[in-house]
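Student: test case, fold it:
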Amino acid sequence: MMIEIPKDVQVEVKGDTVIVSGKLEKLQRSFKSLGVKLEIKGNQLEIGGGEGGKVLEGTIEAHVKNMFKGVTEGFSHKLQAVHSHFPMSVEVKGDKVLIKNFIGEKKPRSADIVGKTKVEAKGVDIFVSGPDKDAVGQTCANISLATVIKQKDSRVFQDGVYMVE
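Tutor: Below is the predicted model of the structure:
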């Protein structure tokens, strides 16, 4: 399988690792455990071999294309803090997102920021962006999961942080 390399992206292959660099960032991903052969031929990246056949090639193609988009455009999501009982506030400190006064709790809940992801909190809106699709998605999931309410009726207690865009 051949993947066309965009003009504004540089790709380097070192063994089982693909290094993609563009105007925003430089990303690398290892496909070591998949046992595939990666090779650059002209302005295309060739994916071959591997035990998974076409399915595995399609998976690697999707990851590489996400890397291309990440280094040129980036990925972003918008989350919103929703409260009906106690007003909560969201704050970013270092590599953590702190959710304060969630359902009246005295101790703030925290969520990890993964990789080179940037998080910005403005009131009830939380903006998450970065070049790595997996890291941005995992950071959004960490923030949402930090506000899961357990052992209470979810029809009544709908407070939390939810993805809106």
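Student: helices and strands around the helix or strand of the chain with the lowest mean pLDDT, which ones?
Tutor: Of all helical and strand segments in the chain, the minimum by mean pLDDT, DSSP states H and E falls on strand 44-49, at a mean of 85. The elements that strand 44-49 packs onto, with contact taken as 3 or more CB pairs under 8 Å, 6 or more residues apart in numbering; DSSP states H and E, are strand 2-4, strand 36-41, helix 54-72. Every residue, glycine included, has its C-beta placed from N, CA and C.
Student: for those, which one ends up most surrounded?
Tutor: helix 54-72 (a mean of 17; mean count of other CB atoms under 10 Å).
Student: past that helix, which element shows up next along the chain?
Tutor: Next helix or strand after helix 54-72 toward the C-terminus (DSSP states H and E): strand 75-82.
Student: now do that following strand, average pLDDT.
Tutor: Averaging pLDDT along strand 75-82 gives 96.
Student: tell me what residue 3 is bridged to.
Tutor: Using DSSP bridges, the bridge partners assigned to residue 3 are residue 45.
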